[in-house]
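Engineer: prediction below, plus the sequence it came from.
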Amino acid sequence: MRKNLFRTASPILVGVATICAPLAPHAAPLQDENILVTIPNDFQAGYRDEQGPMILAEYVPRGETVSMWSRMITVQVFRNLKKFDPGQFAGGMKQSWLSACAGSEVQHVKDGQENGYPFSVWLFACPLNARTGKPENMFAKFIGGNDALYSIQYAYRSELTKEIVSPTMAYLGGIQACDTRLPDRPCPSVAP
C-alpha cells in the first residue's frame with residue numbers, strides 16, 4: 001500500500017540520498033553523484049518509497065493525491081543501472097506503455113549530453129486510460145549516470161496540447177546530473 005507524504009516544500013534540489021527532502025538553508029553540500037530536480041512551488045510530495053536499489057518519489061499539485069491527480073512529477077533513481085544507456089531504458093518502457101493503453105503512441109524526442117551525462121527525452125501518449133477514463137500523456141527524461149540511471153517524468157491527465165509541450169520541455173531541460181568527484185561534471189554550490 002502506498003504511504004502518503006504530504007509535506008509541502010519550496011523548489012528543491014534532489015540529491016540521490018535526499019530525494020524528497022528539501023535542501024534547507026543550512027544543508028550540507030552535495031556529495032558524489034546527484035540528480036538536480038526543481039519541484040514547482042505549487043506541487044507537494046505525494047509518495048516516496050525506497051526498495052533495494054530503486055528510489056521513487058511522486059509529486060502532485062497541492063490539494064491533489066497520487067490517486068487523483070491532474071499532473072504528476074515522478075523521480076526515479078535506479079542505483080543498479082550504472083552507466084546504462086538512457087535510450088535503451090526508454091525503449092523498454094515503450095513496450096510496456098504501448099501494451100497498457102490501446103491506441104497509445106511513443107515518440108523519441110531527442111538525445112544528447114548535459115554536464116557530461118548522456119540523456120534521452122521521450123513522449124508517451126495514451127488517448128484514453130481505461131482505468132481513469134481520461135487521456136494520459138507523459139514526457140520523460142532519462143539520464144545515464146555513473147552511479148545510477150535517473151528517470152524524471154512529467155505526466156498530465158489531459159489532452160496533449162501545444163500549451164503543455166513547451167513548458168514541459170523547458171522544465172525537463174533544467175534537470176541534470178552532477179558529481180562532486182568529477183571536475184567536468186560540477187554540482188552547484190549550496191550556500192550555508
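Structural biologist: Looks like it arrived, so ask away. Numbers count the residues shown, from 1 in each chain.

Engineer: for residue 77, which non-adjacent residue is spatially closest?
Structural biologist: Distances taken as Cβ to Cβ, 6 or more residues apart in numbering put residue 55 closest to residue 77, at 4.2 Å, once the chain neighbours are dropped. From N, CA and C alone the C-beta is placed, and that goes for glycine too.

Engineer: which SS class is the one you found?
Structural biologist: Put simply, residue 55 is strand when judged by DSSP: H, G, I helix; E, B strand; the rest coil.

Engineer: for the residue nearest to residue 72 when sequence neighbours are not counted, give the beta-bridge partners.
Structural biologist: Using Cβ to Cβ, 6+ apart and skipping the chain neighbours, the partner closest in space to residue 72 is residue 155 (4.8 Å). On the basis of DSSP bridges, residue 155 takes part in beta bridges with residue 72, residue 138.

Engineer: any idea how far residue 43 is from residue 155?
Structural biologist: Distance, residue 155 to residue 43, by Cβ to Cβ, to the nearest Å: 12 Å.

Engineer: quick check: neighbours shared by those two?
Structural biologist: Common contact partners of residue 155 and residue 43 (Cβ atoms under 8 Å, 6 or more residues apart in numbering): 71, 73.

Engineer: and the spatially most central residue of the chain, what's its pLDDT?
Structural biologist: With the centre of the chain defined as its mean C-alpha position, the nearest residue by Cα atoms, centre = their mean is residue 152, 1.6 Å away. Looking at residue 152, its pLDDT is 97.

Engineer: any weak-confidence spans in this structure?
Structural biologist: Where the chain drops to pLDDT under 70, the residues are 1-28, 190-192.

Engineer: figure out how far the lengthiest helix in it is from the centre of its chain.
Structural biologist: Longest helix in the chain, counting residues (DSSP state H): helix 86-100. Relative to its chain's centre, helix 86-100 lies at 15 Å (Cα atoms, centre = their mean, to the nearest Å).
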